[in-house]
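**Q** Next comes the sequence, and after it the predicted model I'd like to discuss.
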Amino acid sequence: MSDDPSGSAVTASSAPKRYIYNQSDMDRFRESPARAEFLRFVRVAGRSVTSRPYRRDDTSARQRSTSCGVASLLGSLERMTDDWTAAHPPATVGAGDAHRFGNPAFRDWHGTLERRGGAIVGSVLRCHAAETRRRARGGGEGDADG
């Protein structure tokens, strides 16, 4: 359990609540213990996967060294960072133009994620289920499921 800026207790079952509305809020967050804790989590998560080599241009090696679910997720992340980012370039906003905090083009990118997120997660879960069935039958990593 931790405390939010208003002083009320936050539990694991609390609904998310937005706290960053403007640059001042972002500056406060950048100096907060919550940011430091989040960055520690990201670093630990990153270290947990760095033992596996990953070269974006070497798909055959990646397919040999990763599970179907991980390969599916990596492919989806690559698409998000390459194709979706190219399809939704940052909007240029003039100095006098008012807009809410952040770049408005992110809403479009996030809309694409909301529309396609279920299919992405479904693909990963189907791969995981197939691998689980294969292992239960005693099959190896490289065996085809079918």
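**A** Arrived safely, thanks for sending.
**Q** Now P89: phi and psi?
**A** phi -70, psi 150 (degrees, to the nearest 10).
**Q** residue contacts, G75?
**A** If a contact means C-beta atoms under 8 Å, 6 or more residues apart in numbering, then G75 has no contacts. The way it works is simple: take the backbone N, C-alpha and C, and place the C-beta from them, glycine included.
**Q** Please identify the buried residues of the host helix or strand of it?
**A** For G75, the element it lies in under DSSP states H and E is helix 68-79. For helix 68-79, burial by neighbour count (16 or more other C-beta atoms under 10 Å) applies to 68-73, 76.
**Q** pLDDT on it, on average?
**A** Mean per-residue pLDDT for helix 68-79: 83.
**Q** from here on, count from 34
**A** Yes, from this point I'll number from 34; that puts the last item at helix 101-112.
**Q** how about it as PDB, C-alpha atoms only?
**A** Coordinates of each C-alpha in helix 101-112 appear next as PDB, following Å, rounded to 0.1, in the frame of the first residue of the first chain:
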ATOM      1  CA  CYS A 101       5.900 -18.400 -30.100                       C
ATOM      2  CA  GLY A 102       4.200 -16.100 -27.600                       C
ATOM      3  CA  VAL A 103       7.400 -14.000 -27.100                       C
ATOM      4  CA  ALA A 104       8.000 -13.900 -30.900                       C
ATOM      5  CA  SER A 105       4.400 -12.800 -31.400                       C
ATOM      6  CA  LEU A 106       4.700 -10.100 -28.700                       C
ATOM      7  CA  LEU A 107       8.000  -8.800 -30.100                       C
ATOM      8  CA  GLY A 108       6.500  -8.600 -33.600                       C
ATOM      9  CA  SER A 109       3.600  -6.600 -32.200                       C
ATOM     10  CA  LEU A 110       5.900  -4.300 -30.400                       C
ATOM     11  CA  GLU A 111       7.900  -3.700 -33.500                       C
ATOM     12  CA  ARG A 112       4.800  -2.900 -35.500                       C
END
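**Q** Alright, calling it a day.
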